[in-house]
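J.: need a structure here:
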Amino acid sequence: MLNKVIINLTVLFKFILNSLLIILLTNSWLFAQNSKNELNVLTNNWLLYTDAPNSLYNHITGQAYDLLNQRELKIASLSSLSDWQQRQQFVRETLREIIGPFPEKTPLNAKITRIVEKDSFRIEHIIYESQPGFYVTCSMFIPTWLKKRDKAPAIIYCSGHSGNGYRGYQGVIINMVRKGFIVFAFDPVGQGERLEYYNPETKRSVVGGPTTEHSYPGSQTFVTGSSQARYMIWDGIRAIDYLLSRKEVDPDRIGITGRSGGGTQSAYIAAFDERILAAAPECYITNFTRLLQSIGPQDAEQNLFHEIVSGIDHADLLSVRAPKPAMLIATTRDFFSIQGARETADEIRGIYKVYGMEQNFAMVEDDAPHESTRNNREAMYAFFQQHLNNPGPSDDQEVELLVDDEIRVTGTGQVLTTQGGETVFSLNQNKAKKLAAQLHSSRQDLASHLDGIIHSAKKLSGYREPDKAYEPLFAGRLRRDGYVIEKYSIPGESDYVIPYLLMVPDNPNHKGLIYLHPEGKSINASPGGEIEKLVMEGFTVLAPDLIGTGETGPGDFQGDAYINGISYNIWFASILIGRSIVGIQAGDVIRLARQLEKHISCDGIYGLAIRQMAPILLHAAAFDPIITSIALIEPYSSYHNLVMNRFYKTGFIHSTVPGSLMAYDLPDLSASLAPRKLMIAGITDCMGNIVMPDSIQEDIDIITAAYKYRNAADQLQIIPAKAEGRKDYPVMDWIK
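T.: Predicted structure coming up:
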């Protein structure tokens, strides 16, 4: 009986302890939440700013709509055939410019890996090289009745975002081959047998599905001024080259189609290669206005460098081909807006009408979600049968699909484990090396180099000079021991606002400091936090939530390339309009610096940025001398480092400038700051790991050379890592 009482008391005691622990933890969490909430500027009692977290997407798309409206006015002014032909020439030249030069044509080195015989067709499995060592897996479906001297029309089939590539589209492929077409289907890079981040043990991609396989390396290509689309379009152009090498193919009767991502590819390839007679992209074509209003920009290959700002929309991909036959295939419940598809079709009809070839363009739609329907397939068969001169019944038939072994091209099922070879990453890495060599050469003439990079950085980042000052909106004050926190917001570039905390010491030294943290203004603003230490030294500290961070982000939009909590798609949106998130935020930092100067009437502003906020502060300080002393804490070393490594920290992408490596890199901006005071502490690699200076010596050399050139070596402090036993970097030494 006594033992039972003791056991019950023990249970009761444990229950009381656990309850107390839960209460303490709950109270601690509530205290942290309340402490954070009391520092909010916008989301406490301001209905006006309930959509503030979506500020970045709304700002970028607002600028996109303005550009698209300008394009719409230009299209509306076209009336004669001559007008439209001039537009076509503009589109051809612009597409070539924004996609960049394609590689030279090299031998395809095509090899038939094996042949599979079926009852009414045979399949030749093929590997060709669209670039040296860049292997494309594909299959050619050939009707068995085709005699050696016969020539048949051929259709290139482009796969959508199917993990197994074109193997997921066998039904439509086999239907077409049974109707007498040669069908050539190839795997897009990152799909089917061309996974670029393939793990042989798991037999899966280590980065994710097809959209991630495209966007993860595709972002690196944007930084070098290229694009994922460039590599994928070139694969398709070389597919045409291969088809024309085959005697069975009639070179005057080539068509192309594909659904979803395959619709993207087929539209692009047909726009760039005039050897395509008839094009029928499916479940992709809409227009940018409706796309941005609905699901937002899609993964990397569906965005061309500066596409919208260059005046290009989806309609141009088909109208540039007029009067060649084209069909727009859509569904009414597709996530690609049907309204946009209809509006685009109306625009395209205009050019076919002035050509007097209205019969060569058609739009077909069915009531369905994002999928292939029988009605749409049969309309597509009839379209190709008519325009590729291959008459016959267009009914969609039930077909027997091939088993995995029959449709496999390579021995292992993946080109990387069978052939090895190049990837988009490695090809882009080669480009980055060439750009680095050009940059190294430019740096040899230091004075000229430093003069030129600021102009390039402003242009490539899409920076806009803050044009006017606004009175801040005061949102409240909070007293702490030794200082007060004042809460404000000011307008940014357009109709968004920048919330910030102004921490004013009781004993100011009349110096101001802008504090940038990737997690926003509140992260180190608690009592005893890092910002408080700076304030107690007499600094008036301004800590903002730059657009896209803190109370103004990250927003609801994620997109189909949402990788490790980072929306690549919103970064792609900035590329479309010729801007960068860095350029927008850098302008706001300068806007805030001018506001801080008004607050305390000082002669100069200190700037401190942590990790991926360092590139923003670097650009701002390089663009405007108002920031007189700069500290970068654990910044990544360079954009070059990010594109030279197969894996990188996804959180760094928003702080990169597309196309930057064509003209400058982050160390060049650091060099341009001389003779201003600069501390760089704990430099990291592209994964956020602190590195030793000798591993990034060239990056450091340009900075030290510039400071020596301007007789300011004593103003530069490069600290490799925290000293042993230290919990922080010597920021206090820098500010004194």
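J.: could you give me the buried positions within stretch 196-206?
T.: Neighbour-count burial for stretch 196-206 flags 196-198, 205 (criterion: 16 or more other CB atoms under 10 Å). The way it works is simple: take the backbone N, C-alpha and C, and place the C-beta from them, glycine included.
J.: could you chop this protein up by domain?
T.: Here the chain is described, according to automatic domain parsing, as comprising the domains 82-432, 445-735.
J.: so how far is the last one off the chain centroid?
T.: If you compare the mean C-alpha spot of domain 445-735 with that of the full chain, they lie 21 Å apart, counting by CA atoms, centre = their mean, to the nearest Å.
J.: equivalent analysis for stretch 123-136, please.
T.: 27 Å.
J.: return the set of buried residues in it.
T.: For stretch 123-136, using 16+ other CB under 10 Å, the buried residues are 123-131, 134-136.
J.: what of stretch 100-107?
T.: Neighbour-count burial for stretch 100-107, counted by 16+ other CB under 10 Å, picks out residue 100.
J.: please apply the same query to stretch 674-686.
T.: Residues 674, 676-686 are the ones in stretch 674-686 that count as buried (16+ other CB under 10 Å).
J.: and that stretch, average pLDDT?
T.: Averaging pLDDT along stretch 674-686 gives 97.
J.: now the terminal residues of it, how far apart.
T.: With CA to CA, to the nearest Å as the measure, stretch 674-686 spans 25 Å from end to end.
J.: of all the buried residues of stretch 674-686, which comes closest to residue 404?
T.: Looking at those and their distance to residue 404, the nearest is residue 686, at 37.3 Å (CB to CB).
J.: ok, the closest one to residue 615 distance?
T.: Distance of residue 686 to residue 615, given as CB to CB, to the nearest Å: 12 Å.
J.: ditto for residue 79
T.: For residue 79 relative to residue 615 (CB to CB), the value is 47 Å.
J.: who's more crowded, the two?
T.: Ranked by neighbour count (other CB atoms under 10 Å), residue 79 and residue 615 place residue 615 first, with 29 against 10.
J.: wait, a helix at the more buried one?
T.: Yes - counting by DSSP: H, G, I helix; E, B strand; the rest coil, residue 615 is found in a helix.
J.: contacting residues around it?
T.: 582, 635, 655-657, 666 (CB atoms under 8 Å, 6 or more residues apart in numbering).
J.: who are the neighbours in contact with residue 456?
T.: Shown in contact with residue 456 (CB under 8 Å, 6+ apart): 662-664.
J.: again, only using 10 Å
T.: Going by CB atoms under 10 Å, 6 or more residues apart in numbering, residue 456 touches 657, 659-660, 662-664, 668.
J.: quick one: which two of the residues you listed are the most distant?
T.: When the contacts of residue 456 are compared pair by pair using CB to CB, the maximum separation belongs to 659 and 668, at 14.3 Å.
J.: more neighbours, the two?
T.: With neighbours defined as other CB under 10 Å, residue 659 and residue 668 compare such that residue 668 has more, 27 against 22.
J.: can you give me the pLDDT of the residue nearest the centre of the chain?
T.: Centroid-nearest residue in the chain: residue 572, 3.8 Å away (criterion: CA atoms, centre = their mean). Residue 572 is assigned a pLDDT of 98 by the prediction.
J.: assumed it was part of a helix.
T.: Yes - under three-state DSSP, residue 572 falls within a helix.
J.: circling back to that earlier point, which one of the buried residues of stretch 196-206 sits closest to residue 314?
T.: Among the buried residues of stretch 196-206, and counting by CB to CB, the member closest to residue 314 is residue 196, at 27.2 Å.
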